[in-house]
Each structure stands twice: as structure tokens, then as C-alpha cells.
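Q: Sequence and computational prediction follow.
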Amino acid sequence: MTVAICPGSFDPVTRGHLDIISRAAFMFDRVIVAVLHNSKKNPAFTVEERMAMISKVTEDMPNVEVATFDGLLADFARIKGATVLVKGLRAVSDFEYEFQMALANRKLNPDLETVFITTKAENMYLASSLVKEIARNGGTIDDFVPAVLRKEIQNRLCKGERK
């Protein structure tokens with residue numbers, strides 16, 4: 001059984017994230033969507049809220065589970081028995097950073113491979129930071145986030161609330 005991890009902050013989860021997660025779920029036996037808990041950042045949504053949003057949009061994917069972690073991803077993968085990291089790439093600029101991280105993770109955990117999945121063309125520009133900027137300025141995010149989450153995300157960001 002191949003266990004893969006899709007790590008990220010998912011603040012908030014976008015259609016791009018969901019695309020990569022669903023394609024990973026097709027490729028691997030078990031996929032753990034690992035939500036990064038980083039106390040140095042000030043996210044728009046709590047870890048619990050982000051996990052709940054991901055759970056909601058992946059509920060029809062029986063081999064996908066959601067977890068949180070802090071610390072080193074290579075250690076989290078070892079604890080979870082994962083041998084694959086799945087990283088989405090939007091552009092060449094993503095690759096340089098992700099390639100460096102893949103090499104570091106491989107050094108820390110020699111049993112861990114990184115697989116890059118290129119995003120679909122319609123998601124190439126999509127980033128959580130862009131979604132937040134659009135929503136905070138009153139723009140519509142309908143094309144950027146899963147429909148089932150749109151209202152929740154829009155309401156939080158339009159009000160500028162932080163948890």
C-alpha cells in the first residue's frame with residue numbers, strides 16, 4: 001500500500017488544491033492531506049477550520065484523510081508511513097523552491113520520494129493569497145474555491161475576521 005502526503009497550508013483550500021488532491025487520490029492507495037500548523041504565520045482560518053473545509057470537499061474520496069502537523073514534513077511522513085510527497089506545480093517558479101525542498105526531505109528521510117503534479121491550465125494562476133486578496137476587496141471568488149465552501153470563505157474574508 002502506497003501512502004502519499006499532500007502537504008500545505010490550505011488557507012483557504014482552492015480548486016487548484018482540490019485538483020491535485022483528487023488526482024493524487026487516483027494515483028495512490030492512501031492520501032493524507034497534511035495541513036501545516038505554523039505558529040509564525042497569521043492565517044485567515046484556524047487549522048481546525050482548514051481541516052474541516054478539506055474534509056468537506058474530499059468526503060467523496062474514501063482513500064483521503066486529513067491531518068495536521070508541525071515540525072519537519074520528513075518526520076511526519078515517517079510517522080505516518082508515507083513514502084511519497086505530492087506537490088502541485090503551477091509554474092517554473094514553483095519548481096525551483098519545491099525541488100530544493102524535495103532534496104532536503106530526501107536527505108532527512110531517504111525513503112521519501114517527491115512527485116510533482118502540474119496543475120490544470122485553468123488553475124495555473126490560482127493561489128490562496130490571491131483568493132484572500134480578491135475576497136477582502138469585495139470580488140467574487142466563485143471560480144477559485146469549491147462551490148460548497150464559497151460562502152463560508154467569502155463571509156470570513158469580506159469581514160476581515162481572523163481566528
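A: Happy to help now that I have it. Residues are numbered from 1 along each chain as shown.

Q: contacts, neighbours, all on C-alpha from now
A: Will do.

Q: Show the secondary-structure elements that the helix ranked longest in the chain is packed against.
A: With secondary structure taken from DSSP state H, the chain has its longest helix at helix 92-108. Other elements packing on helix 92-108 under the criterion 3 or more C-alpha pairs under 8 Å, 6 or more residues apart in numbering; DSSP states H and E are helix 73-80, strand 113-118.

Q: Using a markdown table, lay out these together with mean neighbour count.
A: Formatted as a markdown table, the entries for these read as follows, by neighbours: other C-alpha atoms under 10 Å:
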| stretch | mean neighbour count |
| --- | --- |
| helix 73-80 | 16 |
| strand 113-118 | 16 |
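
Q: Can you tell me the closest non-neighbouring residue to residue 118?
A: Using C-alpha to C-alpha, 6 or more residues apart in numbering and skipping the chain neighbours, the partner closest in space to residue 118 is residue 89 (4.7 Å).

Q: That neighbour - how many residues pack around it?
A: Other residues lying near residue 89 total 18 when counted by other C-alpha atoms under 10 Å.

Q: Residue 95 is in contact with that one, correct?
A: Yes: Residue 89 sits in contact with residue 95 when judged by C-alpha atoms under 8 Å, with a separation of 6.4 Å.

Q: re earlier: now render the helices and strands packed on helix 92-108 as a markdown table, adding distance to residue 15.
A: Below are those laid out as a markdown table (distance: least, C-alpha to C-alpha, whole Å):
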| stretch | distance to residue 15 |
| --- | --- |
| helix 73-80 | 23 |
| strand 113-118 | 14 |
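
Q: want to try JSON lines for the ones you listed, with mean pLDDT as columns?
A: Written out in JSON lines, the entries for the helices and strands packed on helix 92-108 read as follows (pLDDT from 0 to 100):
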{"stretch": "helix 73-80", "mean pLDDT": "96"}
{"stretch": "strand 113-118", "mean pLDDT": "96"}
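
Q: which residues are in contact with the helix or strand of the chain with the lowest mean pLDDT?
A: Taking all helices and strands of the chain together, the one with the lowest average confidence (mean pLDDT, DSSP states H and E) is helix 147-159, at a mean of 88. Helix 147-159 is contacted from outside by 12, 44, 53, 57, 132, 135-138, 140-142, 162, using C-alpha atoms under 8 Å, 6 or more residues apart in numbering.

Q: Let's see which of those end up in helices.
A: 53, 57, 132, 135, 136.

Q: before we move on, what SS does residue 7 have?
A: For residue 7, the secondary-structure state derived from DSSP: H, G, I helix; E, B strand; the rest coil is strand.
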